[in-house]
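Novice: fold the following for me, if possible:
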Amino acid sequence: MSGGANDAGATAQACVRCGNAVSQATSYLTEVGLLCWPCFGKFQSQQHVAERDDADLQSSLTRRAKLLAGVHWMMWAGVVIIATGHAFPDWGRSVLLLVIAGLGIGLFLRLRWAYQASLVLDVAGILGLAALAVVQRHAVILAAEVFPAMLLVLTWTLRSAYAEALPLAGSGGALSAPLPVRKQRRRWLLAAALVALTGGGTAAYLLRRPRPLPDPALTLMRKTLPRWQLARAGRGGDGHPAGANSDLVAGARRWPALAAAFEALDRDWPAEAPVRAAAASANRALADAGLPYFASVWMVYDRPYVLSHALVARVSWHIGARPIDVLRLQRLDDIGIDFAFDGVTQGGLPVVMLDRVEATLARELPAMYAAARELRSSDFNDFDRAVLARGRSFLEARLGPGFARAALALRERNRLLEEMRTRFHGDEVKLAVPEQLVLGDDWLDDLKPSTRLDHPGGPLFLDTDLKALAQADRALRDQPSTEAFRGAVEVSVLTIEAHEARHAAEASDRAAPPPPALFEVMPDSSTRMIGWADSELQAFLGELHDAPVPACVNLGRMMRSAYGAFARREPHFYAILAVLKQLGADTEQDPAQQLAALCAVSDGELRKSVAAIWRRLYGAPLPAGDRTASAAPPVMKR
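Specialist: Residues are numbered from 1 along each chain as shown. Take a look at the predicted model:
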């Protein structure tokens with residue numbers, strides 16, 4: 001008995017889950033151990049659930065692996081096709097495409113080697129693009145890094161599809177073992193590597209990217225020459241010459257002829273004639289060196305001021321048999337000397353001031369679309385508005401619908417500027433607004449401190465107003481607006497070129513007196529004044545006849561010299577009166593009606609009338625004026 005009991009005790013076993021005693025007849029042997037029949041039923045149910053979940057997971061992983069394979073194929077096959085080009089052998093391209101196809105198939109089949117190969121390929125793509133961006137110094141190449149980086153992220157996030165099979169979760173009633181610490185760290189290592197690759201490529205490009213080197217000639221003309229001029233004039237310096245050791249001469253030493261001219265300029269200032277001679281020498285030296293800059297001399301309070309300009313273009317004209325170059329200049333210096341004219345001829349050299357042309361358009365383009373009540377009569381009278389309306393119709397027809405959109409956007413920008421200026425303090429705040437079509441970020445950024453609450457006396461402007469103004473100003477820089485503004489500037493410049501080219505063609509020692517028509521409109525004027533008016537009369541007639549712009553449009557602009565809000569009794573005033581009388585206009589009539597009557601004839605007839613007037617006044621045919629070459633920048637020798 002005792003022996004049987006001992007045998008039974010030796011063979012007694014317990015369920016590995018619940019711990020109840022079981023016998024061989026009432027137990028089930030599984031991979032987790034011996035289970036009683038209730039625990040075995042639960043175990044089977046858990047196995048079925050785990051198998052179903054695993055099947056769903058595997059189906060999801062297969063679908064995502066298929067997507068990953070397709071994305072890899074499309075992107076890398078496209079890269080191969082683009083990179084190989086026409087010079088690459090067809091068989092070589094086919095081999096590469098087969099390799100990419102094999103990689104895609106391996107990813108679709110969830111093969112471990114395909115996963116590892118795609119990681120290597122994606123990392124190599126990031127490194128290759130970063131290296132290419134550094135070598136080529138092109139930011140667009142660097143931006144393309146996002147594509148292999150995206151592939152790398154997609155591949156890494158799907159790494160479980162290519163891992164070895166793990167025990168089913170829940171089997172044996174225990175949770176599946178967590179990933180080793182080493183595998184958990186790989187996720188952070190990959191993220192760090194991705195950031196390092198992308199950031200390293202970006203940093204390398206930023207360090208190696210080409211940086212514009214300061215143009216020594218531009219610095220000389222934009223900064224050094226104006227600084228010298230202010231110092232010599234006693235505004236910011238001792239007013240004494242510095243000779244060969246001056247910054248002006250030192251900055252020009254790489255161009256010996258220019259350095260010699262500037263040394264003479266420094267030595268001879270403020271004597272007008274020697275200063276003009278030195279400036280002429282400097283301009284010759286600039287031209288010989290192929291430097292697109294120009295120096296002009298202006299007398300202000302009996303002192304010569306040398307101003308600097310960018311030489312934007314030389315335009316060839318012929319007046320009769322005489323060739324004439326008209327210069328297009330853009331002001332560079334910031335000396336506070338402004339001009340009331342947009343073109344001038346000095347010493348037989350005609351120039352067009354592009355900055356003044358832009359200033360005029362910045363004022364007049366918005367006025368073309370403004371209601372009469374929005375314009376001050378001191379700025380634009382009834383005749384000014386009539387001429388602007390005629391000019392608006394011409395520009396809309398010539399430049400297309402983009403012109404109206406740009407001019408209206410400019411008007412809206414100006415409205416926002418005025419609203420910002422007057423919101424807090426009415427008309428007390430005065431702003432030195434740039435006379436430009438686009439104000440620019442530099443000027444707008446300078447206003448930001450005036451929006452701060454800690455500004456002395458409180459903010460001058462509302463921050464949201466300044467942001468709205470900046471947004472409207474940036475909208476003027478889009479391509480359609482830029483093209484419209486450029487077209488409007490070109491139309492104005494064409495008429496000024498014709499006017500100044502005719503000035504340059506005048507005989508300097510003309511013996512014949514001014515025509516009697518001038519004496520009729522200015523009987524009490526001095527001989528000198530009549531001589532100036534004669535010069536303007538010739539230029540007006542030449543402009544009407546020669547400019548590649550409708551003569552009626554030009555005539556309206558000229559008539560503003562006699563009837564506009566800023567009309568003054570100066571040479572242009574008397575010259576246009578003489579033109580109108582010769583054209584048969586009734587000068588006692590309303591000027592808008594005069595213009596309408598003169599514009600009733602065709603453009604060709606009006607130009608013929610101008611030629612006939614020239615013959616009648618000067619006793620000879622009008623020398624033909626032809627623009628023989630379009631505007632072209634000067635050739636630079638660097």
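Novice: number of nearby residues for Glu396?
Specialist: 15 (other Cβ atoms under 10 Å). No exception for glycine: its C-beta is placed from N, CA and C like everyone else's.
Novice: grab the longest strand from this structure for me.
Specialist: Here the longest strand in the chain is taken by residue count, with DSSP state E as the criterion, and it is strand 303-319.
Novice: what's the offset of that one from the middle of its chain?
Specialist: Between the mean C-alpha point of strand 303-319 and the mean C-alpha point of its chain there is a distance of 26 Å (Cα atoms, centre = their mean, to the nearest Å).
Novice: send me that strand as PDB with only the CA atoms.
Specialist: The C-alpha atoms that make up strand 303-319 are tabulated as PDB, following Å, rounded to 0.1, in the frame of the first residue of the first chain:
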ATOM      1  CA  ARG A 303      30.300 124.500 -55.700                       C
ATOM      2  CA  PRO A 304      30.800 121.600 -58.100                       C
ATOM      3  CA  TYR A 305      29.300 118.300 -56.800                       C
ATOM      4  CA  VAL A 306      30.400 115.100 -58.500                       C
ATOM      5  CA  LEU A 307      27.600 112.500 -58.600                       C
ATOM      6  CA  SER A 308      28.000 108.800 -59.500                       C
ATOM      7  CA  HIS A 309      25.800 106.700 -61.800                       C
ATOM      8  CA  ALA A 310      25.600 103.200 -63.200                       C
ATOM      9  CA  LEU A 311      25.800 103.300 -66.900                       C
ATOM     10  CA  VAL A 312      22.900 101.000 -67.800                       C
ATOM     11  CA  ALA A 313      23.100 101.300 -71.600                       C
ATOM     12  CA  ARG A 314      24.300 103.200 -74.600                       C
ATOM     13  CA  VAL A 315      21.700 103.800 -77.300                       C
ATOM     14  CA  SER A 316      22.800 104.700 -80.800                       C
ATOM     15  CA  TRP A 317      20.900 107.500 -82.600                       C
ATOM     16  CA  HIS A 318      21.500 109.300 -85.900                       C
ATOM     17  CA  ILE A 319      20.300 112.800 -86.400                       C
END
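Novice: and the next helix or strand past the top helix by length along the chain?
Specialist: In the chain, with assignment by DSSP state H, the single longest helix is helix 37-84. Heading C-terminal from helix 37-84, the first helix or strand you meet, by DSSP states H and E, is helix 90-108.
Novice: got the contact list for that following helix?
Specialist: Outside of helix 90-108, the residues that reach it under the criterion Cβ atoms under 8 Å, 6 or more residues apart in numbering are 65-66, 68-70, 72-73, 76-77, 80-81, 84, 113-115, 117-118, 121.
Novice: in what helix or strand does Glu358 lie?
Specialist: Element membership for Glu358 (DSSP H and E) is helix 354-368.
Novice: after that helix, next one along is what?
Specialist: Heading C-terminal from helix 354-368 (DSSP H and E), you reach helix 382-399.
Novice: buried sites along that next one?
Specialist: Within helix 382-399, the residues that qualify as buried are 383-388, 390-392, 394-395, 399, counting by 16 or more other Cβ atoms under 10 Å.
Novice: the inter-axis angle of the helix holding Glu358 versus strand 303-319?
Specialist: Angle of helix 354-368 versus strand 303-319, following axes from the mean of the first three to the mean of the last three Cα atoms, to 10 degrees, is 80 degrees.
Novice: for helix 354-368, packing partners?
Specialist: In terms of contact count using 3 or more Cβ pairs under 8 Å, 6 or more residues apart in numbering; DSSP states H and E, helix 354-368 is assigned the packing partners strand 322-331, helix 382-399, helix 401-422, helix 479-504.
Novice: out of those, nearest to Leu453?
Specialist: Distances from Leu453 to each of these were compared using Cβ to Cβ; the minimum, 16.4 Å, belongs to helix 401-422.
Novice: restricting to C-alpha, output that closest one in CSV.
Specialist: The C-alpha trace of helix 401-422 is given here as CSV (Å, rounded to 0.1, in the frame of the first residue of the first chain):
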residue,chain,number,x,y,z
PRO,A,401,-4.0,94.0,-69.3
GLY,A,402,-1.0,93.4,-67.0
PHE,A,403,-0.4,97.2,-67.0
ALA,A,404,-3.8,98.0,-65.4
ARG,A,405,-3.3,95.3,-62.8
ALA,A,406,0.1,96.6,-61.9
ALA,A,407,-0.9,100.2,-61.7
LEU,A,408,-4.0,99.4,-59.6
ALA,A,409,-1.8,97.3,-57.3
LEU,A,410,0.6,100.3,-57.0
ARG,A,411,-2.3,102.5,-56.1
GLU,A,412,-3.4,100.1,-53.4
ARG,A,413,0.1,99.9,-52.0
ASN,A,414,0.1,103.7,-51.8
ARG,A,415,-3.3,103.7,-50.1
LEU,A,416,-2.0,101.3,-47.4
LEU,A,417,1.1,103.4,-46.9
GLU,A,418,-1.0,106.5,-46.4
GLU,A,419,-3.4,104.6,-44.1
MET,A,420,-0.5,103.4,-42.0
ARG,A,421,1.1,106.9,-41.8
THR,A,422,-2.0,108.7,-40.6
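Novice: which element is encountered next along the chain beyond that helix?
Specialist: Later in the chain than helix 401-422, the nearest helix or strand by DSSP H and E is helix 441-446.
Novice: which non-adjacent residue is nearest the residue nearest the centre of the chain?
Specialist: Against the mean C-alpha coordinate of the chain, by Cα atoms, centre = their mean, the closest residue is Arg477 at 6.4 Å. The spatial neighbour of Arg477 that comes closest, neighbours along the chain excluded (Cβ to Cβ, 6 or more residues apart in numbering), is Val438 at 5.9 Å.
Novice: in the stretch 51-200 of the chain, what spans have low per-residue confidence?
Specialist: 80, 82-88, 126, 128-147, 156, 158-161, 163-200 (pLDDT under 70).
Novice: if you set the cut-off to 80 instead, what comes out?
Specialist: 51, 53-62, 64-65, 68-69, 71-97, 100, 103-104, 106-200 (pLDDT under 80).
Novice: how close does Gln436 get to Trp443?
Specialist: Distance, Gln436 to Trp443, using Cβ to Cβ, to the nearest Å: 9 Å.
Novice: the strands in the stretch 151-300 of the chain, which residues?
Specialist: Secondary structure of the stretch 151-300 of the chain, counting by DSSP state E, counting those that start in this stretch: strands at 293-300.
Novice: my read: Ala310 touches Leu291, true?
Specialist: No. Between Ala310 and Leu291 no contact is recorded; they are 10.1 Å apart, counting by Cβ atoms under 8 Å.
Novice: so which of the two has more stuff around it?
Specialist: Neighbour totals were compared for Ala310 and Leu291, and Leu291 leads with 24 against 18 (other Cβ under 10 Å).
Novice: count of neighbours near the closest residue in space to the more buried one that isn't next to it in sequence?
Specialist: Distances taken as Cβ to Cβ, 6+ apart put Ala217 closest to Leu291, at 4.8 Å, once the chain neighbours are dropped. Other residues within reach of Ala217, judged by other Cβ under 10 Å, total 21.
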